[in-house]
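Q: this one's sequence-less:
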DNA sequence: TACGATGTACGACGAAAATCGTACATAAAC
DNA sequence: GTTTATGTACGATTTTCGTCGTACATCGTA
């Protein structure tokens, strides 16, 4: 009964083009926007985007492996949060600039 | 002998995910980095990236159609420049944040 | 243990992207 | 007009991505 574990890249492994790619999809951009407003959220609650479960898993994996988000198992759910400090440390101002508009557009 | 013309999207048509996608490729990121340092440059001079001509044309087209760059024919050459004011107008601080690191990494 | 809830893994499919060679177009110089 | 330099257009191929159904794993609870 190993608690589910997720791969998270080290801060030193974050690359700009990977992060930009992770954010170049409307659905993923909406997710990050939600996380920026509400902090940590359960992945199930993110499904408001009217996207099938497996599709959302796919997008969350891309965000996580790019180092943008962190996934933390909590009971049967998964809590997703932004790796704000880490991204800011490598690319200061990037998230702020990207999310300044509110994430409304896609 | 119509002077070659290139499609450039209007400022109001710029979308965040398109711009981020355009910048999510190492080669294109390097091009933008060059433009940021040296201002306007001939497309031929950008081929220092050791990329075939037709491939570079492809990348420049994506940057241009995303609204990141402007292409201006000058004699037989093409001068490429950043649409800095336009991108800044829609997404303030975005280019600065992306290029703060110098574009060294890919 | 069995059940229901949540989420992942895997696979398949179609759409889009990256690469690059070749042919064509444009512009300047001869 | 011909030649040369520069760059685009098109097509072919390979790779990657986005989507989503289905099967499996995990967790809490009865």
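A: That came through fine. Fair warning: this is a prediction, and the values are worked out from it, not measured in the lab. Residues are numbered from 1 along each chain as shown, chains lettered A, B, ... in the order given.

Q: elements contacting the strand or helix carrying residue A:85?
A: If you go by DSSP states H and E, residue A:85 is part of helix A:84-90. Counting contacts by 3 or more CB pairs under 8 Å, 6 or more residues apart in numbering or on different chains; DSSP states H and E, helix A:84-90 packs against helix A:94-99. Every C-beta, even on glycine, is put in place using the N, C-alpha and C of the backbone.

Q: report how many residues lie close to the residue in chain A positioned nearest to DNA strand C.
A: Checking chain A residue by residue against DNA strand C with CB to the nearest atom of the strand singles out residue A:44 as nearest, at 2.7 Å. Residue A:44: 13 surrounding residues under other CB atoms under 10 Å in any protein chain shown.

Q: pretty sure residue A:46 contacts residue A:31?
A: Yes. Using CB atoms under 8 Å, residue A:46 makes contact with residue A:31 at a distance of 5.5 Å.

Q: the two: which is more packed in?
A: residue A:31 (26 against 20).

Q: so where's chain A shaky on pLDDT?
A: Across chain A, the ranges flagged by pLDDT under 70 are A:1-3, A:102-106.

Q: name the residues of it found near DNA strand D, please.
A: Contacts of chain A with DNA strand D, taken as CB under 7 Å from any atom of the strand, map to A:1-4, A:21, A:24-25, A:27, A:51-55, A:58-59, A:62, A:73, A:75-76.

Q: so which of those belong to helices?
A: Under the assignment DSSP state H, the residues of chain A next to DNA strand D contribute A:21, A:27, A:53, A:54, A:55, A:58, A:59, A:62 to helices.

Q: where's the residue nearest the centre of chain A relative to residue B:54, distance?
A: Per CA atoms, centre = their mean, the C-alpha nearest to the average position across chain A is that of residue A:69, at 3.6 Å. Taking CB to CB, to the nearest Å as the measure, residue A:69 and residue B:54 are separated by 37 Å.

Q: and chain A, which residues reach DNA strand C?
A: Checking chain A against DNA strand C by CB under 7 Å from any atom of the strand, the hits are A:4, A:42-44, A:47, A:53-54, A:56-58, A:60-61, A:71, A:76-78.

Q: top of those residues by neighbour count?
A: When neighbours are counted by other CB under 10 Å, residue A:60 leads the residues of chain A next to DNA strand C with 20 neighbours.
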